[in-house]
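Asks: Let me see the structure of the following:
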Amino acid sequence: MLVVDDHTIVRDGICALLALAADIEVVGEAENGREAVEKVKQLAPDVVLMDIVMPIMDGLEATRRIRKEFPETKVLVLTQYDEEEYIFSIIEAGAKGFISKTAASSELASGIRAVHHGASFLSPTAAKVFVEDFQLGASMRGKQDPYHQLTNREREVLKLVAEAYTTREIADILAVSPKTVEGHKTNLMDKLDIHNKTDLIKYAIRKGIITV
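Replies: A predicted model of the protein is given here:
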């Protein structure tokens with residue numbers, strides 16, 4: 001795995017902890033997002049442990065690029081920021097999980113193993129945010145759900161957008177133009193009365209369209 005953090009002492013500490021796990025091998029380190037993308041290209045790690053706030057290129061942008069260019073490499077975000085906006089931005093960027101820097105070393109190892117095996121992993125802090133958001137959605141289920149108003153193509157676009165695919169990637173998958181994808185995206189967001197990508201992801205999670 002690759003450890004990415006702009007603080008050397010933090011990277012050293014993480015590597016020392018992971019050295020205690022016989023089934024986890026650190027193959028490299030990076031101190032910013034741009035270097036992380038380069039190291040993924042060179043080393044092809046199974047998992048990247050990614051910080052968010054870093055110079056040159058932040059962890060969110062690095063995660064987006066890794067997901068697009070190296071889809072076999074999974075990203076687990078390790079950060080001190082656990083506010084709702086960060087958590088959903090992390091999922092939106094394509095990370096497979098979120099773990100707080102206050103987590104125990106055993107939780108860190110468990111998260112790495114889970115992501116490596118294709119599962120998602122959420123720290124208790126992140127899980128609490130998702131539960132509260134789900135409960136909020138549940139309280140609104142008595143109201144008419146506009147999902148039935150979406151066309152089949154709009155539902156396809158909704159799922160792909162929520163899975164963090166770019167407009168160009170969606171266009172390639174559906175064999176349509178990027179302009180057509182943008183049109184579907186605008187229409188579905190108008191029908192759902194959702195006006196930003198983060199809220200679209202929350203909606204998709206509540207509906208069970210995507211899982212985390």
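
Asks: rest of the way, CA atoms for contacts and neighbours
Replies: Fine.

Asks: Lys207 versus His148, what's the distance?
Replies: Plainly put, His148 is 12 Å away from Lys207 if you go by Cα to Cα, to the nearest Å.

Asks: Between the two, which is the more surrounded one?
Replies: Neighbours around His148 and Lys207, counted as other Cα atoms under 10 Å, are more numerous at Lys207. The numbers are 14 against 11.

Asks: quick check: longest strand of the chain.
Replies: Under DSSP state E, the strand in the chain containing the largest number of residues is strand 74-79.

Asks: pretty sure Leu108 is in contact with Ile99, am I right?
Replies: Yes. Using Cα atoms under 8 Å, Leu108 makes contact with Ile99 at a distance of 7.2 Å.

Asks: okay, these two: which has more neighbours?
Replies: Ile99 (27 against 24).

Asks: For the strand or helix carrying the more buried one, which helices and strands make contact with it?
Replies: Assessed by DSSP states H and E, Ile99 sits inside strand 97-100. With contacts defined as 3 or more Cα pairs under 8 Å, 6 or more residues apart in numbering; DSSP states H and E, the packing partners of strand 97-100 are strand 74-79, helix 84-93, helix 105-116, strand 121-122, helix 124-139.

Asks: Now Leu192. Nearest residue, chain neighbours left out?
Replies: For Leu192, ignoring the flanking residues on the chain, the nearest one in space by Cα to Cα, 6 or more residues apart in numbering is Pro146 at 5.7 Å.

Asks: now swap in Val26 and tell me
Replies: What sits nearest to Val26 in space, not counting adjacent residues and going by Cα to Cα, 6+ apart, is Met1, at 4.7 Å.

Asks: so how many other residues sit close to that neighbour?
Replies: 23.

Asks: do the same with Ser105
Replies: One way to gauge burial is a neighbour count; for Ser105, by other Cα under 10 Å, it gives 15.

Asks: so who does it touch?
Replies: In this structure, Ser105 makes contact with Leu17, judged by Cα atoms under 8 Å, 6 or more residues apart in numbering.
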